[in-house]
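Q: Everything below, folded, please.
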Amino acid sequence: MTEESVPEIAQLRCQIDEIDLGLLQLLNTRAEAVLKIQAIKRELGLPVYSPKREDEIMEQVRNANTGPMSAEAVEAVFRMILLCARAWWGYGSVK
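A: Down below sits the predicted model:
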């Protein structure tokens, strides 16, 4: 028997694929909102990068996490999202 022949695994993998595409859509929707905020801040002459806002985001997701992902894993995912966004918009690098 191989894992491909187990119907439950195949079904769960399909579910994961759908979730991944949903996550992608949500990440792009999030990026669109961030770009709008960035444009507004530039118009107003405000700094685009806000470390305080990133801290607020991290606190919010840590407090909202009920598992099964660990707090450390959730924090790592969101730190990567924020890091990639900064690199994309020219405010840091992804390494």
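
Q: Now the residue positioned nearest the centre of the chain. Nearest residue, chain neighbours left out?
A: For the chain, the residue nearest the mean C-alpha position is Ile81 (4.2 Å; C-alpha atoms, centre = their mean). Among residues not flanking Ile81 along the chain, Leu27 sits closest, at 7.1 Å (C-beta to C-beta, 6 or more residues apart in numbering). To be clear about C-beta, it is placed using only N, CA and C from the backbone, and glycine gets the same treatment.

Q: neighbours of that neighbour, just the number please.
A: Residues lying near Leu27 (other C-beta atoms under 10 Å) number 13.

Q: Pull out the buried residues from the lowest-mean-pLDDT helix or strand in the chain.
A: The helix or strand of the chain with the poorest confidence is helix 71-88; it has a mean of 92 (mean pLDDT, DSSP states H and E). For helix 71-88, a neighbour-count test (16 or more other C-beta atoms under 10 Å) marks 74, 78, 82-83, 85-86 as buried.

Q: Distance to Leu12 added to those residues, as CSV?
A: Shown next, in CSV, are the buried residues of helix 71-88 (distance: C-beta to C-beta, whole Å):
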residue, distance to Leu12
Val74, 21
Phe78, 25
Leu82, 29
Leu83, 30
Ala85, 30
Arg86, 34
